[in-house]
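**Q** Pasting a predicted model and its sequence here:
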Amino acid sequence: QVHLVESGGGLVQAGGSLRLSCAASGRTISNYDMGWFRQAPGKEREFVARISGSGGSTYNVDSVKGRFTISRDNAKNTVYLQMNSLKSEDTAVYYCAVSRVIGYSESQADFGSWGQGTQVTVSS
């Protein structure tokens, strides 16, 4: 069973940057696609980005394209989310998770081993 721990969140001014990390333990994640999701207050958890096991394929939702970059270091069993040009609407708890299906999906139901999340707050 994979155990995921997110870190790197915090309070930042609009226009600033943060780098989130998702450290995995228990087993290697190099064979698995990984995803980042976020949940804003009063809203459903939503998909943000995903990356293939090799790191060669990535996808971001339109709202973060050009600002967020997902990457991974399989030697460190860690996935990252670099967030630049942050906006107040990016305020949320950010979660990472392991894809449990073969093929592309943005559905929470197709991801598992959720971490506890890390809070990102962007002040305007």
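**A** That came through fine. Only a predicted model underlies this, so the values are computations on that prediction, with no experimental measurement involved. Numbering: from 1, shown residues only.
**Q** which residue is nearest the middle of the chain?
**A** Geometric centre of the chain, nearest residue: W36, 2.4 Å, by CA atoms, centre = their mean.
**Q** For that residue, pull up the helix or strand it's in.
**A** strand 34-39 (DSSP states H and E).
**Q** For G55, give me its contacts.
**A** S71, R72, N74 (CB atoms under 8 Å, 6 or more residues apart in numbering). C-beta coordinates here come from the backbone N, C-alpha and C atoms, glycine included.
**Q** Now it: which helix or strand?
**A** With DSSP H and E as the test, G55 turns up in no helix or strand.
**Q** picking that back up, select from the contacts of G55 every entry located in helices.
**A** With helices taken from DSSP state H, there is no overlap with the contacts of G55.
**Q** Neighbour-wise, which one of those residues leads?
**A** Per-residue neighbour counts (other CB atoms under 10 Å) across the contacts of G55 peak at R72, which has 22 neighbours.
**Q** what number of residues lie near Q108?
**A** Around Q108 there are 17 residues (other CB under 10 Å).
**Q** and what of Q1?
**A** Based on other CB under 10 Å, the number of other residues close to Q1 is 7.
**Q** now swap in C96 and tell me
**A** Neighbours of C96 (other CB under 10 Å): 30.
**Q** Wasn't it part of a helix?
**A** No: under DSSP: H, G, I helix; E, B strand; the rest coil, C96 falls outside any helix and is assigned strand.
**Q** Find the nearest non-adjacent residue to it, please.
**A** C22 (3.4 Å; CB to CB, 6 or more residues apart in numbering).
**Q** Which secondary structure elements does the helix or strand encompassing that neighbour sit against?
**A** Assessed by DSSP H and E, C22 sits inside strand 18-25. Applying 3 or more CB pairs under 8 Å, 6 or more residues apart in numbering; DSSP states H and E, one finds that strand 18-25 contacts strand 3-7, strand 34-39, strand 78-83, strand 92-99, strand 118-123.
**Q** Same list (these) but as TSV, adding mean pLDDT and distance to G66.
**A** Compiled in TSV, the helices and strands packed on strand 18-25 are given as follows (pLDDT from 0 to 100; distance: least, CB to CB, whole Å):
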stretch	mean pLDDT	distance to G66
strand 3-7	98	23
strand 34-39	98	16
strand 78-83	98	12
strand 92-99	98	18
strand 118-123	98	16
